[in-house]
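S.K.: with the input below, show me the fold.
(one chain, ligands or ions: 1)
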Amino acid sequence: MAAPSSPIDSEQALHTLDRELARGLEMVAAASTLADVEQAEAAILGRRSPFSEVQRALGDLSEESRRRVGQRTNEVRNQLREALSGRRTALEAEREASLLEADRIDVTLPGRRPRSGSLHPLTIVQYEIVDIFMRMGYRVVEGPEVEDEWHNFDALNIPPDHPARTLMDTIYLDVPGRPELLLRTHTSPMQIRTMEAGQPPVYVVVPGRVFRNEEVTAKNMPVFHQVEGLAVDEGITLADLKGTLETFLRALLGQDRRIRLIPSFFPFVEPGAQAEVSCFVCDGAGCKTCAGVGWLESGGAGMVHPAVLEAVGYDPERYTGFAFGMGYDRLAMIRFGIPDIRLLWESDMRFLEQFEGSAVTV
Ligand code: YSA
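M.R.: Numbers count the residues shown, from 1 in each chain. Take a look at the predicted model:
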């Protein structure tokens, strides 16, 4: 409760107002926190302050005195409020500045770089292969990894008792009622699927994973990658096959590489060939990398067998074609000088880091 105001005269009142103004301005100037300002306001203008007492006593003064003292009261109140508000603004600005200072981030320091991934060497080689063939006008398609015997073998002129079936140690799937399902042993079944899907001219490449029940060695994996190529048109010859493989392997492995086709057998081509590329280390002279022969094997190839063309309803009298299947894990080994195929599968960062920034250049 406020103390009852005692009657005062106007001189006394004016004196109190001057004193309170001086005291108030001093308190405001000394306030170093916002809480100090609140306290000062309560002390100078609060209900129990001498200033408020003068205000309450105004009614007891004569009219003339009330006018004079009332006017002075207003002036003093305004001055004090102005001082309080100025101090508050200044302290708030100070607080804001110190908060900003505390939150300051030094952007002049080099930032911590998040580690970004990079392409796996196999992916780099796959992209390069696809790019080379696309520039030669080939279409890129992908096929199923789970195949049936018809596409993987029969349609490719490999009958059930043919030794080629046992040569490619096949992994059959255990699906009830579907004994014909297997993991494709090569990408060649996509030759059949592509030809079944449309008429010549056909120019496609098919990159993808293949599976064989094989032992792991420095050059062999049970899961590896092939890229199949198929061109069927009128008037295609063995020279087209050689020229295409030469263009491709030189673009991938270097323009000074030489290519040779040595006779080989695949039931779905006639004639069949093994495509070899001159050793990138000794350029054909013979060294450790190529086991002294001067050449590195890169895949199988040949002219599409007329029986295969017939199996998909193409007229072998009108159309001829070539096909090839390259193992690109081994192409990646040649491309980057990787001595052991297992390195491609081990996810060893020390190995993979060497390919960071390897541009996909063709
Ligand atoms: C042949 C004639 C054609 O007209 C079309 C395609 C072919 C290739 C045939 N389909 C095939 O698979 N032949 S192959 O068994 O000799 O494999 C081709 C390539 O795959 C090999 O030259 C080799 O580079 C790679 N390869 C084979 N087994 C591998 C392997 N790479 C890694 N690990 C294995 N286990």
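
S.K.: give the buried residues for the host helix or strand of A90.
M.R.: Using DSSP states H and E, A90 sits within helix 63-102. Using 16 or more other C-beta atoms under 10 Å as the test for burial, helix 63-102 gives 65-66, 69, 72-73, 76-77, 80, 83-84, 87-88, 91. Using the backbone N, CA and C atoms, a C-beta is placed for each residue, glycine as well.

S.K.: list just the nearest of these to the ligand.
M.R.: Checking the buried residues of helix 63-102 against the ligand with C-beta to the nearest ligand atom, the nearest one is L91 at 76.0 Å.

S.K.: which residues touch that closest one?
M.R.: L91 is in contact with A31, S32, T33, L34, V37, counting by C-beta atoms under 8 Å, 6 or more residues apart in numbering.

S.K.: tell me the residues of the chain that contact the ligand?
M.R.: 186, 188, 212, 214, 220-221, 224, 226, 266, 268-269, 297, 299-302, 323-325, 327, 329-330 (C-beta under 6 Å from any ligand atom).

S.K.: what sits closest to L183 if chain neighbours are left out?
M.R.: F211 (3.8 Å; C-beta to C-beta, 6 or more residues apart in numbering).

S.K.: show the pLDDT at the one you found.
M.R.: F211 carries a pLDDT score of 96 in this model.

S.K.: so in this protein, where's the weakest helix or strand by average pLDDT?
M.R.: helix 163-167 (a mean of 71; mean pLDDT, DSSP states H and E).

S.K.: so P263 bridges to which residues?
M.R.: A273 (DSSP bridges).

S.K.: what about stretch 241-256, average pLDDT?
M.R.: Mean predicted confidence for stretch 241-256 is 94.

S.K.: identify the bridge partners of the residue of the chain found nearest the ligand.
M.R.: For the chain, the residue closest to the ligand is G327, as judged by C-beta to the nearest ligand atom, at 2.3 Å. Beta-bridge pairing of G327 under DSSP bridges involves Q226.

S.K.: returning to what we had before: any residues touching the next helix or strand after the least confident helix or strand of the chain, and which ones?
M.R.: Using DSSP H and E, the helix or strand that follows helix 163-167 towards the C-terminus is strand 171-172. Residues outside strand 171-172 that contact it (C-beta under 8 Å, 6+ apart): P179, L181, L182, L183, F211, R212, N213.

S.K.: grab the two from the residues you listed that are most spread out in space.
M.R.: The distance between the two most remote of the contacts of strand 171-172 (C-beta to C-beta) is 18.9 Å, for P179 and R212.

S.K.: higher neighbour count, these two?
M.R.: R212 (19 against 12; other C-beta atoms under 10 Å).

S.K.: tell me where the protein has helices.
M.R.: Under the criterion DSSP state H, the chain carries helices at the ranges 10-30, 34-45, 50-57, 63-102, 121-135, 149-152, 163-167, 189-197, 238-253, 306-311, 328-336, 349-352.

S.K.: quick one: low-confidence parts of the protein?
M.R.: Of all residues in the chain, those with pLDDT under 70 make up the ranges 1-7, 164, 167, 358-362.

S.K.: centroid residue for it?
M.R.: G117 (7.1 Å; C-alpha atoms, centre = their mean).

S.K.: from G254, how far out is that one?
M.R.: Separation of G117 from G254 (C-beta to C-beta, to the nearest Å): 27 Å.

S.K.: repeat for V281
M.R.: 12 Å.

S.K.: what sits against M136?
M.R.: By C-beta under 8 Å, 6+ apart, the contact set of M136 is Y203, T244, T247, F248.

S.K.: tell me the contacts of the closest residue in space to D340 that isn't next to it in sequence?
M.R.: What sits nearest to D340 in space, not counting adjacent residues and going by C-beta to C-beta, 6+ apart, is A218, at 4.6 Å. Going by C-beta under 8 Å, 6+ apart, A218 touches P339, D340, I341, R342.

S.K.: cool, P189 as well?
M.R.: Counting by C-beta under 8 Å, 6+ apart, P189 touches G143, E147, H151, N152, A155, L156.

S.K.: how near is the spatially closest residue to it that is not a sequence neighbour to P267?
M.R.: Once flanking residues are discounted, P189 sits nearest to H151: 3.7 Å by C-beta to C-beta, 6+ apart. Per C-beta to C-beta, H151 is found 14 Å from P267.

S.K.: who has more neighbours out of the two?
M.R.: Higher neighbour count among H151 and P267: H151, with 21 against 18, using other C-beta under 10 Å.

S.K.: tell me the residue furthest from the middle of the protein?
M.R.: Using C-alpha atoms, centre = their mean, the residue of the chain lying farthest from its centre is S62. It sits 87.0 Å away.

S.K.: got the contact list for the nearest residue to that residue once chain neighbours are set aside?
M.R.: Nearest non-adjacent residue to S62, counting by C-beta to C-beta, 6+ apart: S10, 7.9 Å away. For S10, the contact set (C-beta under 8 Å, 6+ apart) comprises L61, S62, S65, R68, V69.
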